[in-house]
Every structure is written in C-alpha cells, then in structure tokens.
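Colleague: Pasted the sequence and its predicted model underneath.
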Amino acid sequence: MYVDNIRLINFRNYLNLNIELNKKLNIFVGNNAQGKTNLLESIYICANGKSYRTSKDRELINLQKSKGYIGLSLAKERFSKLIELKFERDVKKRIKVNKVEYNRVSELIGILNVVIFSPEDLRLVKEGPMERRAFLDGEISQIKPKYKYNLARYNKILMQRNNFLKNRLNSNFYNLLDVWDTQLSQVGSSIIIERVNFINKLAIISKDIHNKLTGGIEELDLKYLPSFDIDKLEIEEIQLKLKDMLQKNIEKDIQKGNTEYGPHRDDLDILINGISARTFGSQGQQRTAALSLKLAEVELIKNEIGEYPVLLLDDVFSELDLNRRKYLISTFKDIQTIITSTDDIDLTELKGIDKKVFYIRQGEVVLQEEG
Ligand SMILES: Nc1ncnc2c1ncn2[C@@H]1O[C@H](COP(=O)(O)OP(=O)(O)OP(=O)(O)O)[C@@H](O)[C@H]1O
C-alpha cells in the first residue's frame with residue numbers, strides 16, 4: 001500500500017497543503033519546528049484515528065482556526081481509499097472513508113497500516129515495562145482488531161476489580177470478586193496468548209534484521225516475561241492459572257487495592273548478545289534494537305495482511321552509521337518510506353532509488369527533486 005496524496009487544511013502549522021507522494025521514497029528536509037513531524041503525524045492519524053503525540057484532538061487544529069482537515073488518498077493492491085478526518089473545537093471528530101461516515105475510530109483501524117520510528121522509540125528499549133506493553137498492544141491491534149477490543153474489555157474489568165477491592169462494601173464480597181476474577185482470567189488469557197504468538201514471530205524476524213543491521217556482530221533475542229509462570233501455551237491452562245494466581249494473592253490485592261497478576265504486569269526482555277539491552281546497552285545499541293523491532297513489525301504486517309505498511313522515519317536516518325543506513329536503504333525499494341531530516345541527506349547514497357525530495361519551511365512544502 002502507499003499514500004498517494006495528502007491534503008491538510010488548518011492542521012497544526014499547515015494552512016493549506018496538497019502534495020503527491022512518491023510510491024517509494026519521500027524525503028522531507030527542513031529546519032527545526034517547520035512541520036516535518038506534523039506531516040508524519042497526520043499520516044499516523046489516518047491509520048489510527050488518533051495522534052501518538054496528544055490525546056487532545058483540539059491541539060491538532062491550527063491555533064488561529066476553529067476547524068481542521070486531513071484528507072489522504074491511499075492506494076492498495078486491489079482498491080484505493082480516501083480517508084478523511086474533520087476536527088472542530090469542542091466537537092467530536094468526524095471520520096469518513098470513501099465519503100461514508102464512520103461512527104467509531106475502531107472502524108478505521110486496518111485500512112492504512114503504518115509503522116513509525118522516531119527518536120522517542122528509544123524509550124521502547126530504555127524505559128520501564130509500560131512502554132513495551134504499549135508497543136506490543138499497539139502493534140498487535142494493527143494486525144488483529146479483536147485484540148484491541150479484548151484489551152479495552154480487560155482494562156475495564158481490571159479497573160472495576162480494583163475499585164471493588166478498595167471499597168469492600170458488599171456483604172457478598174468474595175462471591176462477587178470471584179465473578180470479576182473469572183472474567184479477568186478469561187479475557188486476560190486471550191491477551192497473553194496473542195502476545196506470546198506475536199513475540200515469537202517478532203523474535204525470529206527481528207533477530208535476522210538485527211544481524212544484518214549490525215553486520216553480524218550482534219544477536220538480538222526477545223523473551224516474553226509474564227507476571228506468572230506459564231507452563232503450557234493452552235488458553236484454558238493459562239486461564240485457570242491466572243484465576244488461581246488472583247485467588248491465591250487475594251489478601252495482598254485487598255491490602256494494596258490493586259491487582260498483582262495479569263497481562264497488565266507483563267514485560268518483554270530485549271537482549272543483545274544475551275544481555276539486557278535496557279540495562280547494559282549503549283545508546284546506539286538501544287536505538288538499533290528499537291529499529292530492528294520496528295522493521296520486524298513491517299515484515300510481520302506484510303506476512304499477516306499480504307501488503308507492506310507505510311514506513312515513517314522521523315529524524316532517525318542521519319543518526320545511523322553507514323552500515324545501518326545501507327541496510328535501511330535496501331528496504332526502500334519494496335516499502336513506501338517517508339523520511340524527515342534536519343540535514344540534507346547525502347543523495348548519492350540513494351542513487352537508483354525512486355524518490356521525491358521536498359523542503360519544508362513554516363508549513364509550506366516545495367518539491368525539490370524527483371526521480
Ligand atoms: N495546533 C497548532 N497550530 C499552529 N502551529 C502548531 C500547532 N501545533 C504545533 N504547531 C507548530 O508546529 C511546529 C512544530 O512542528 P513539528 O513538530 O512538525 O516540527 P519539526 O519540523 O518536526 O521540527 P524538529 O526538527 O524540531 O523535530 C512548531 O512551530 C509549533 O508551534
């Protein structure tokens with residue numbers, strides 16, 4: 001799939017933009033604060049219905065205006081789609097696909113697939129488990145919309161259980177808690193299974209990519225770290241075990257007013273040559289590991305849906321050494337890639353690659369080079 005055209009009206013610092021993208025490589029060069037990330041953000045929003053930078057839609061509307069618009073035409077193997085989002089201050093955003101109104105954001109998921117890699121993705125390796133759970137949840141949801149639904153259900157049940165633990169007002173307390181525990185373990189086990197399957201597939205692909213990115217010097221391994229030991233990978237077994245763990249820990253959970261076991265406490269161990277990248281990895285190693293995971297995600301989406309997603313690289317190209325850049329460049333011939341950079345990228349490295357180079361200045365975009 002590839003993004004054919006983007007139209008932005010009063011979106012962030014773009015008052016009126018209409019650009020045709022190249023099917024393969026697109027490079028946006030500009031100084032700081034000119035609108036490079038805003039442009040990638042608009043594409044991300046068309047894929048996910050919301051931004052990764054803010055949860056407040058009103059921030060997306062140009063500060064001087066009351067309404068904003070994103071229109072993106074997408075070409076897929078068998079059809080094309082026009083995705084449109086309209087934002088208005090204090091009004092729920094409107095989403096249309098091929099002029100048909102969608103009432104829920106979830107209906108949009110899966111039409112346009114994107115993988116974004118930005119300097120903040122270092123956090124995926126560097127920070128705590130929450131970042132990695134967010135990565136797993138975001139990526140699995142793109143491939144399996146049912147997962148997103150289950151996750152929302154799980155979080156709701158978890159919140160209700162925790163409130164129930166804190167209040168303890170009911171005389172039928174333990175019986176009612178048992179109902180929450182049954183529901184939590186049912187939905188929780190399906191989340192665990194999906195995560196295990198996803199990590200297993202991701203581990204194989206990312207190991208291969210990381211090996212190539214580092215010229216065979218580093219070996220990347222991923223290990224799923226659930227909040228309790230899983231012996232068998234049968235959903236029924238996991239469900240029983242989770243319920244058992246919840247019940248064994250009940251007094252502690254009551255004391256703390258929260259739930260100790262379940263997929264909300266999972267983590268993913270990222271190992272380089274057998275040791276934790278989070279604790280021992282250099283900044284460059286952590287960045288490369290995060291990039292390997294993201295590129296593996298690109299392959300995984302291709303395997304699952306049969307088409308490559310669009311790859312968005314925000315200000316990371318110039319941070320990579322020549323070897324890593326060379327590998328990345330080799331992927332551009334198959335995947336539509338949109339790169340932003342503050343420096344002019346050495347175009348001799350990109351010789352023979354179908355591309356467009358644009359310059360951005362204060363929300364104005366000028367095509368500089370094509371071919
Ligand atoms: N709602 C908005 N209305 C108007 N301008 C906005 C809005 N939101 C952000 N901006 C402006 O957009 C600019 C930032 O754009 P963006 O984040 O895309 O920068 P960038 O080109 O990626 O820069 P850098 O290289 O520093 O990351 C800032 O000048 C900011 O004030």
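Modeller: Perfect, I can see it now. Numbering: from 1, shown residues only.

Colleague: measure Ser66 to Leu82 for me?
Modeller: 24 Å (C-beta to C-beta, to the nearest Å). In short, each C-beta sits where N, CA and C put it, glycine included.

Colleague: Can you give me the neighbour number for Leu347?
Modeller: 12 (other C-beta atoms under 10 Å).

Colleague: Which pLDDT value belongs to it?
Modeller: On pLDDT, Leu347 comes in at 77.

Colleague: mind listing what it touches?
Modeller: Contact partners of Leu347, counting by C-beta atoms under 8 Å, 6 or more residues apart in numbering, are Val357, Glu369.

Colleague: Number of residues surrounding whatever residue of the stretch 251-371 of the chain ends up closest to the ligand?
Modeller: Nearest residue of the stretch 251-371 of the chain to the ligand: Thr342, at 5.0 Å (C-beta to the nearest ligand atom). Counted with other C-beta under 10 Å, the neighbours of Thr342 add up to 12.

Colleague: just Gly262 next, same as before
Modeller: 25.

Colleague: related to what we said a few turns ago, what distance do you get for the residue of the stretch 251-371 of the chain closest to the ligand to Gln336?
Modeller: 22 Å.

Colleague: would you list every one of the strands in the stretch 1-150 of the chain?
Modeller: In the stretch 1-150 of the chain, the strands defined using DSSP state E, counting those that start in this stretch lie at 2-11, 14-20, 25-29, 67-75, 80-88, 91-97, 100-102, 114-117.

Colleague: would you list these in a markdown table and tack on distance to Leu246?
Modeller: As requested, the strands of the stretch 1-150 of the chain are exported to a markdown table (distance: least, C-beta to C-beta, whole Å):
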| stretch | distance to Leu246 |
| --- | --- |
| strand 2-11 | 45 |
| strand 14-20 | 49 |
| strand 25-29 | 49 |
| strand 67-75 | 43 |
| strand 80-88 | 40 |
| strand 91-97 | 37 |
| strand 100-102 | 37 |
| strand 114-117 | 35 |
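
Colleague: In contact with the residue nearest to Gln142 when sequence neighbours are not counted, which residues are there?
Modeller: Excluding its sequence neighbours, the residue lying closest to Gln142 (C-beta to C-beta, 6 or more residues apart in numbering) is Asn113, at 5.8 Å. Applying C-beta under 8 Å, 6+ apart to Asn113 gives the contacts Met1, Ala47, Gln142, Ile301, Ile305, Glu307, Pro309, Val310.

Colleague: 10 Å - rerun?
Modeller: 1, 47-48, 74, 76, 142-143, 297-298, 301-302, 304-305, 307-310 (C-beta atoms under 10 Å, 6 or more residues apart in numbering).
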